[in-house]
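*Asks:* Sequence first, predicted coordinates after that:
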Amino acid sequence: MAKITFIQHNGKSQDIEATNGGTVMEAATKHNVPGIDADCGGACACATCHVYVDDAWLSKLNPMGSMEESMLDFADNVQPNSRLSCQIVVTEDLDGLVVTVPESQF
Amino acid sequence: MLGQMPAERLFFKAEEQWEKDNIDLKIDEEIISIDAVNKSIKSKTGNQYEYDKLIIATGSKVRHLPAQGAQLSGVHYLKTIKDSDDLGAELDNAKNLVIIGAGYIGLEVAACAQKKGLNVTIIEAAPRILARVASPELSQFYENVHESAGVKILTQSGVAKINGAQKVESVTLGDGTNIDADVVLIGIGIIPNDEIAKSAGIICNNGIDVDENAKTSNPDIYACGDCANRMVDLYGQRMRLESVHNAIEQAKLAAANIMGQNAPKLDVPWFWSDQYDLKLQIAGLAIGATKTIIRGDMAARKFALFHIDDENRILAIDAINSPPEFLVGKNLIAARAKIAPHILQDTNISVKELANHAQN
């Protein structure tokens, strides 16, 4: 298990216990984190699970695949620390991870 | 079905979340009637629940094949996790899979079974695969993909009967051809679960008719998802959209209306399908399209098909391994943008620049 903090654009935050081997998106949808719709259920097909990753954590995540990179290149309000949360695999090492949900996803 | 995803990862919500959100979830509680006058519903076990607002999200059921032998062991439909587990387990010990129906269900299972090393034959009544949901060009592309992977595709073929003592052994086609089968999958579409609405006097035509707020002909009753027949303004007609995006969007519409909030912004209808190494993303519906423009390289399996009308208005896009075309295309369709064919097919013009070439 890894504790993940989701911060909303209005500053409100939620701590979720995420299961190893699952994704950050799954942890969010299973616990009703607002703004993470994940319409495609994790197929990297919709970009509705876009998050900003706290800079300290970026290098600890599994690297981006070409499909994710391509989707993010064309998603709304992308920043250098953008990731699709359905592609971030949860491990023990991510205990304490902090991500922010973009305002445009509301 | 490939055993790569544990079932618990597929659930939408954590079990404890329902309680946290103050939602009383009643599992295994089949509702058999709606009393729209007294605003209550009744379950099979005799329980009664009162409502102020009611949402019908009953989904759909698989269409059954009315052929002799369709009830034999080894003949499958695919709708639930259990269906998928059952079929997947049988595929592990099978040699010959016959798939009846060349829609997305049939084709995605064909790709999985091919990976597992089975002989796969697809039987389709229409002249081409994906005939109901895809353009002829896209059908042809996927036909080539499956055939080059070793899948046999028989179009314009009907099933006369399925043979076997207890377990399926073969499938006989309309022309008398016999095909060996130790597993059969039937994927010939779904039927909306609208019976309960019909018997409550709610207007139904190919599913439960709903308005732009997912409201039925009864002002206190809403319907969402596969069971609902909605107006899609972009194409000026009513339809049932069998997709995840549609189900989620209608749920948001119903929730917003019930809570007295503004309706969320509508997205262009969209769909996806993963087969082999191909990610297909479809935006829009090619209703009224008269021309198809190819952007990219079909042979390299990275391209997009733009379906446009006589005025060059973009109505739908099929993107294969091309997320940029899909994401930008959704916006172009929503904006009802018109772009000339020679621009669309010119890959020297980047996807981001396409919108700058829109005509008035």
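*Replies:* Here it is on my side, so go on.

*Asks:* Show me the strands in chain A, by range?
*Replies:* Assigned by DSSP state E, chain A shows strands spanning A:2-7, A:13-18, A:50-53, A:82-84, A:97-100.

*Asks:* Most tightly packed of these?
*Replies:* Using mean count of other C-beta atoms under 10 Å in any protein chain shown, the stretch among the strands of chain A with the greatest mean number of neighbours is strand A:50-53 (a mean of 24). Quick note: C-beta positions are derived from backbone N, CA and C, even for glycine.

*Asks:* average pLDDT across it?
*Replies:* Confidence for strand A:50-53, expressed as mean pLDDT, is 96.

*Asks:* Now do it: everything it contacts.
*Replies:* A:6, A:24, A:36, A:61, A:72, A:75-79, A:81-85, A:88, A:97-102, A:105 (C-beta atoms under 8 Å, 6 or more residues apart in numbering or on different chains).

*Asks:* run the last query once more with 6 Å
*Replies:* A:75, A:79, A:81, A:83, A:85, A:99, A:100, A:101, A:102 (C-beta atoms under 6 Å, 6 or more residues apart in numbering or on different chains).

*Asks:* how deep is residue A:39 tucked in, by neighbour count?
*Replies:* 20 (other C-beta atoms under 10 Å in any protein chain shown).

*Asks:* Does it touch residue A:48 like I think?
*Replies:* Yes. Here residue A:39 reaches residue A:48: they are 4.9 Å apart, a contact under C-beta atoms under 6 Å.

*Asks:* Quick check: the residue of the stretch 101-250 of chain B nearest chain A.
*Replies:* residue B:245 (5.2 Å; C-beta to the nearest C-beta).

*Asks:* which residues touch the helix or strand that residue falls within?
*Replies:* Using DSSP states H and E, the element containing residue B:245 is helix B:244-258. With contact meaning C-beta under 6 Å, 6+ apart, helix B:244-258 is reached by A:39, B:53, B:55, B:213, B:214, B:222, B:224, B:225, B:263, B:264, B:270.

*Asks:* Straight-line length of stretch B:334-347, end to end?
*Replies:* 22 Å (C-alpha to C-alpha, to the nearest Å).

*Asks:* Any buried residues in it, and which?
*Replies:* Within stretch B:334-347, the residues scored as buried using 16 or more other C-beta atoms under 10 Å in any protein chain shown are B:334, B:337, B:338, B:339, B:343, B:344.

*Asks:* among these, which are in helices?
*Replies:* Using DSSP state H, the subset of these located in helices is B:334, B:343, B:344.

*Asks:* if I read this right, the second one contacts residue B:356, doesn't it?
*Replies:* No. Contact status for residue B:343 versus residue B:356: not in contact, 9.5 Å apart, counting by C-beta under 6 Å.

*Asks:* residue nearest the centroid of chain A?
*Replies:* Here the mean C-alpha position of chain A is nearest to the C-alpha of residue A:85 (C-alpha atoms, centre = their mean), at a distance of 2.8 Å.

*Asks:* Tell me who's in contact with that residue.
*Replies:* Residue A:85 neighbours (C-beta under 6 Å, 6+ apart): A:24, A:25, A:49, A:51.

*Asks:* Residue A:15 versus that one, what's the distance?
*Replies:* Here the criterion is C-beta to C-beta, to the nearest Å. By it, residue A:85 lies 15 Å from residue A:15.

*Asks:* Where does the stretch 1-150 of chain B get nearest to chain A, which residue?
*Replies:* For the stretch 1-150 of chain B, C-beta to the nearest C-beta, closest residue to chain A: residue B:14, 4.1 Å.

*Asks:* burial measure for that residue, as a count.
*Replies:* Neighbours around residue B:14, by other C-beta under 10 Å: 19.

*Asks:* in the lowest-mean-pLDDT helix or strand in chain A, what's buried?
*Replies:* In chain A, the helix or strand scored least confidently by mean pLDDT, DSSP states H and E is helix A:66-73, which has a mean of 90. Of the residues in helix A:66-73, A:67, A:68, A:70, A:71, A:72 count as buried by neighbour count, 16+ other C-beta under 10 Å.

*Asks:* Would you mind putting the CA coordinates of that helix into CSV?
*Replies:* Extracted C-alpha coordinates of helix A:66-73, given in CSV (Å, rounded to 0.1, in the frame of the first residue of the first chain):
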residue,chain,number,x,y,z
SER,A,66,4.9,6.8,-26.3
MET,A,67,1.1,6.6,-26.2
GLU,A,68,0.9,8.5,-23.0
GLU,A,69,3.4,11.1,-24.3
SER,A,70,1.4,11.5,-27.4
MET,A,71,-1.9,11.9,-25.6
LEU,A,72,-0.4,14.5,-23.2
ASP,A,73,1.0,16.4,-26.0
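
*Asks:* Is chain B within reach of that helix?
*Replies:* Yes. On the criterion C-beta under 6 Å from any C-beta of the partner chain, helix A:66-73 is in touch with chain B at A:70, A:71.

*Asks:* still on that earlier bit, I'd assumed residue A:30 was in contact with the residue of the stretch 1-150 of chain B closest to chain A.
*Replies:* Yes. If you go by C-beta under 6 Å, residue B:14 and residue A:30 touch, sitting 4.1 Å apart.

*Asks:* Please list the residues outside the helix or strand harbouring residue B:171 that contact it.
*Replies:* Using DSSP H and E, residue B:171 maps to strand B:168-173. With contact meaning C-beta under 6 Å, 6+ apart, strand B:168-173 is reached by B:72, B:74-75, B:98, B:157, B:160-163, B:178-181, B:184.

*Asks:* do stretch B:345-360 as well
*Replies:* Residues contacting stretch B:345-360 (C-beta under 6 Å, 6+ apart): B:293, B:295, B:324, B:325, B:328, B:337, B:338, B:339, B:343.

*Asks:* Any buried residues in it, and which?
*Replies:* B:349, B:351, B:354, B:358.

*Asks:* Excluding chain neighbours, what is closest to the second one?
*Replies:* Looking back up the chat, that one is residue B:351. Spatial nearest neighbour of residue B:351, excluding adjacent residues (C-beta to C-beta, 6 or more residues apart in numbering or on different chains): residue B:324 at 4.3 Å.

*Asks:* Confirm that neighbour sits in a helix?
*Replies:* Yes. Under DSSP: H, G, I helix; E, B strand; the rest coil, residue B:324 falls within a helix.

*Asks:* you'd agree it is up against residue A:75?
*Replies:* No. Residue B:324 is not in contact with residue A:75 according to C-beta under 6 Å; the separation is 10.4 Å.
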